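Visitor: Mind folding the following:
(2 chains)
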Protein chains: 2
Amino acid sequence: MSVTAAKGFTAAGVAAGIKENGNPDLALVVNTGPRRAAAGVFTSNRVKAAPVLWSEQVLKSGELTAVVLNSGGANACTGPKGFQDTHATAEKAAEVLGIGAGEVAVCSTGLIGVLLPMDKLLPGVERAAGQLSEHGGEKAAIAIKTTDTVHKTSVVSKDGWTVGGMAKGAGMLAPGLATMLVVLTTDADLDGATLDKALRAATRVTFDRVDSDGCMSTNDTVLLLASGASGVTPEYDAFAEAVRAVCDDLGQQLVRDAEGASKDIKVEVVNAATEDDAVEVGRSIARNNLLKCAIHGEDPNWGRVLSAIGTTKAAFEPDRLNVAINGVWVCKNGGVGEDREKVDMRYREVHIVADLAAGTETATIWTNDLTADYVHENSAYSS
Amino acid sequence: MSVTAAKGFTAAGVAAGIKENGNPDLALVVNTGPRRAAAGVFTSNRVKAAPVLWSEQVLKSGELTAVVLNSGGANACTGPKGFQDTHATAEKAAEVLGIGAGEVAVCSTGLIGVLLPMDKLLPGVERAAGQLSEHGGEKAAIAIKTTDTVHKTSVVSKDGWTVGGMAKGAGMLAPGLATMLVVLTTDADLDGATLDKALRAATRVTFDRVDSDGCMSTNDTVLLLASGASGVTPEYDAFAEAVRAVCDDLGQQLVRDAEGASKDIKVEVVNAATEDDAVEVGRSIARNNLLKCAIHGEDPNWGRVLSAIGTTKAAFEPDRLNVAINGVWVCKNGGVGEDREKVDMRYREVHIVADLAAGTETATIWTNDLTADYVHENSAYSS
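Guide: Numbering: from 1, shown residues only, chains lettered A, B, ... in the order given. Have a look, this model is predicted:
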């Protein structure tokens, strides 16, 4: 269902020849209206790929008619020529769709530092435009895969309106690749400002809290397009909740497909003085390589959790910290708690609770274990 | 030579039975004077082990007569009982040496969250005191090893005075272990304040810039003791340079012995606006798991270097960044530079230069690659 679950959208996915293996690598999503409201959230990396710089600009209008996405090349760190290529891609889509280039967002994913094969990409845009369909959502989702083992889609429908979407990304773990691209669509009748508010609220507590390996991409893009085709203007809270639910579902799918991972780790920080404290502590735990190795070895090593908490600026007293792993409070008051032998770590999901005993705020960060497979997949053994 | 290279020091190393495998695990270093000046630098982790809390206190006097060090247990996250154990260790050393407990620093390294076997440790202190010798420096260096494959010592001698030392630590990479302990000794005739100044200046540009896996220990301790036995008071600059040289040598030895590592990576940041910028960028590059995997695979993946730079707050323009790997400028002006095929990465040492083109400051951070062996050694496969 993907990006065509909501009314007022068509999509296509084709093999343009950008990927040498002949797999699908170019997707097109078109808003057929009546509305063209849109919002976007982009990587906070200061080294931004050309398509990110372009799409940030065109989105300032609060409107979009089409999105061109390619896998097989990130078009990042490619200088002025890279930006010209993104511009040419938007121009081509505008030409074949009979719109302006300023209505077209561009997303790219793949290797950093390599120019795109424009002689293949531009004909691909034309071919995709010829295959646009109200049932094209799944093909579009497949065409944006890089090292993803599965394509990722999600849909929530409520009283006469729908939010759907597609995502690509294997955690943040792709080998040499820029990572997360997400396009969400809705047929709700809402303006760009409302979309922007709902999208920022949703990504803040979903995609922003997925942290597989702490490596921030140059290309991350999350777009939300509204066609208004349902004729329904939902209450803001209901709409925001639907956007959050779709983002949460897609974010979970990214974690579950993280390269080389054998465990999905839910790091829940509770009783923090502020939400920022909870996020900082959760991220510090989620990025601790020693802990991630221990979890891989099914070792409930709470000392590494405390060591990670200790590197943060969050409010806490070391001798009041408590840590539970899979329901067993292995650390109480900063010291030895329940018997660690009680912790059952055989399953893929691991749940760590860090109790800061400093307030009432909470946050959850999702990450993965660190495995030899991660190293292998990201070492690009050149032989 | 180690901690007994300088005149006015004795040392010993014994197997107290703290380690189950019977290896040496307890060291004692004693300053026989005439001076007892001392300084120390400790982990900035807010979760500090009991021996760190104790040693920080006793060092406030600017004097120390003895240091007891044990491997086989970090005495971290062990609550009030852990602190009592550290206190009892200092009391025992004071008793057998005929001094006060407030003249004794304590250092521990090993598993976090486990109480020390005091019934073995205290007799061990007594036995070590009986074996103190002016030639005991090497035995002491051996007794503080955990997963270190070699013991680490260094000595610099100048005009009638000497700075020597020992270190333990396998990068920051030890499995479940707290990591770096260093004891430096000198027979220079200097007061505690001068030692403190020289030690802080040295650690800031040596141990503080070794970052194998970004995981900060609960037990890191670097001590510098001066006996004054040479009768020489060197010029400050000459002394500070000798301390820096010994710290640099020991720091390099830590990097070369990092667990599971196959590459030693020198990250040199040049043309930064400030030294802080250079350190922040160097650390960000050194902690990027994707880059560390790429280096392991001998892949000169400069896109991951740029991506890491982009996550910092340092002053730079993305399109002015340059990156060299092993002397080849693979990235120029934020884009593709020289042919990456020219980069020879067959050797253990890898040299990355990141040119921020934003000023004249520089800093170097040392790290290692991320390998499957690192994962294996830190996963504690419990079977």
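Visitor: For the rest of this, base every contact and every neighbour count on C-alpha atoms.
Guide: Fine.
Visitor: Pick out the residue closest to the middle of chain A.
Guide: Among the residues of chain A, the one closest to the centroid is A:M180, at 4.4 Å (CA atoms, centre = their mean).
Visitor: Looks like that residue contacts A:T218 (just checking).
Guide: No. Counting by CA atoms under 8 Å, A:M180 does not reach A:T218; the two are 9.6 Å apart.
Visitor: Can you name the residues that contact the residue nearest to A:G33 when sequence neighbours are not counted?
Guide: Distances taken as CA to CA, 6 or more residues apart in numbering or on different chains place A:S227 nearest to A:G33, at 4.5 Å, with adjacent residues excluded. A:S227 makes contacts with A:7-9, A:31-37, A:185-189, as judged by CA atoms under 8 Å, 6 or more residues apart in numbering or on different chains.
Visitor: Now the helix ranked longest in chain A: average pLDDT?
Guide: Longest helix in chain A by number of residues (criterion: DSSP state H): helix A:236-256. Average pLDDT, helix A:236-256: 93.
Visitor: could you say what helices and strands it packs with?
Guide: Judged by 3 or more CA pairs under 8 Å, 6 or more residues apart in numbering or on different chains; DSSP states H and E, helix A:236-256 is in contact with strand A:152-157, strand A:162-168, helix A:192-205, strand A:361-368.
Visitor: Quick check: A:H151 vs A:L254, distance?
Guide: Per CA to CA, to the nearest Å, A:H151 is found 10 Å from A:L254.
Visitor: quick one: common contacting residues for the two?
Guide: In contact with both A:H151 and A:L254: A:K168, using CA under 8 Å, 6+ apart.
Visitor: quick one, which of the two is more surrounded?
Guide: A:L254 (27 against 22; other CA atoms under 10 Å in any protein chain shown).
Visitor: Quick one: the strands in the stretch 251-383 of chain A, in order.
Guide: Ranges of strands within the stretch 251-383 of chain A are A:264-272, A:322-325, A:328-332, A:335-336, A:349-355, A:361-368, based on DSSP state E, counting those that start in this stretch.
Visitor: Read off the pLDDT value for A:V375.
Guide: 88.
Visitor: What is the burial count for A:Y347?
Guide: A:Y347 has 10 nearby residues by other CA under 10 Å.
Visitor: ok, now which ones touch A:H87?
Guide: By CA under 8 Å, 6+ apart, the neighbours of A:H87 are A:54, A:101.
Visitor: got the phi/psi numbers for it?
Guide: Taking degrees, to the nearest 10, you get phi -60, psi -50 for the backbone angles of A:H87.
Visitor: how near is it to B:G335?
Guide: From A:H87 across to B:G335, the span is 18 Å (CA to CA).
Visitor: do the same with A:R209
Guide: From A:R209 over to B:G335 the distance is 30 Å, taken as CA to CA.
Visitor: Please apply the same query to A:E268.
Guide: From A:E268 across to B:G335, the span is 40 Å (CA to CA).
Visitor: which of these two has more neighbours?
Guide: B:G335 (27 against 22).
Visitor: My understanding was that that one contacts A:G113; is that so?
Guide: Yes. Counting by CA under 8 Å, B:G335 does reach A:G113; the two are 6.4 Å apart.
Visitor: What is the burial count for A:G303?
Guide: 27.
Visitor: For it, which non-adjacent residue is closest in space?
Guide: Of all residues not flanking A:G303 in the chain, B:I112 sits nearest, at 5.4 Å (CA to CA, 6+ apart).
Visitor: List the residues that contact A:S262.
Guide: So A:S262 contacts A:296, A:348, A:368-369, A:371 (CA under 8 Å, 6+ apart).
Visitor: Those residues of the stretch 1-150 of chain A touching chain B, which are they?
Guide: Proximity of the stretch 1-150 of chain A to chain B, by CA under 8 Å from any CA of the partner chain, involves residues A:44-47, A:77-79, A:112-114.
Visitor: same thing but 7 Å
Guide: Proximity of the stretch 1-150 of chain A to chain B (CA under 7 Å from any CA of the partner chain) is limited to residues A:45-47, A:77-79, A:112-113.
Visitor: Give me the pLDDT for A:R46.
Guide: Looking at A:R46, its pLDDT stands at 88.
Visitor: my bad, A:G169
Guide: A:G169 is given a pLDDT of 84.
Visitor: Now secondary structure and neighbour count too, for the residues of the stretch 1-150 of chain A next to chain B, in TSV please.
Guide: What follows is the residues of the stretch 1-150 of chain A next to chain B, written out as TSV (DSSP: H, G, I helix; E, B strand; the rest coil; neighbours: other CA atoms under 10 Å in any protein chain shown):
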residue	secondary structure	neighbour count
A:N45	coil	20
A:R46	coil	19
A:V47	coil	28
A:C77	coil	31
A:T78	coil	23
A:G79	helix	20
A:I112	coil	28
A:G113	coil	27
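Visitor: Which of these sits closest to B:V125?
Guide: Ranked by distance to B:V125 (CA to CA), the residues of the stretch 1-150 of chain A next to chain B are led by A:N45 at 53.1 Å.
Visitor: Looks like that closest one contacts B:T312 (just checking).
Guide: No. At 8.2 Å, A:N45 does not count as touching B:T312 under the criterion of CA atoms under 7 Å.
Visitor: hmm, who's touching stretch A:318-331?
Guide: By CA atoms under 7 Å, 6 or more residues apart in numbering or on different chains, the residues outside stretch A:318-331 that reach it are A:300, A:302, A:332-334, A:336-340, A:342-344, A:350-357, B:47, B:79.
Visitor: Need the buried ones from those selected in ChimeraX.
Guide: Selection of buried members from these for ChimeraX, criterion 16 or more other CA atoms under 10 Å in any protein chain shown:
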select /A:300,302,332,333,334,336,337,340,343,350,351,352,353,354,355,356,357 /B:47,79
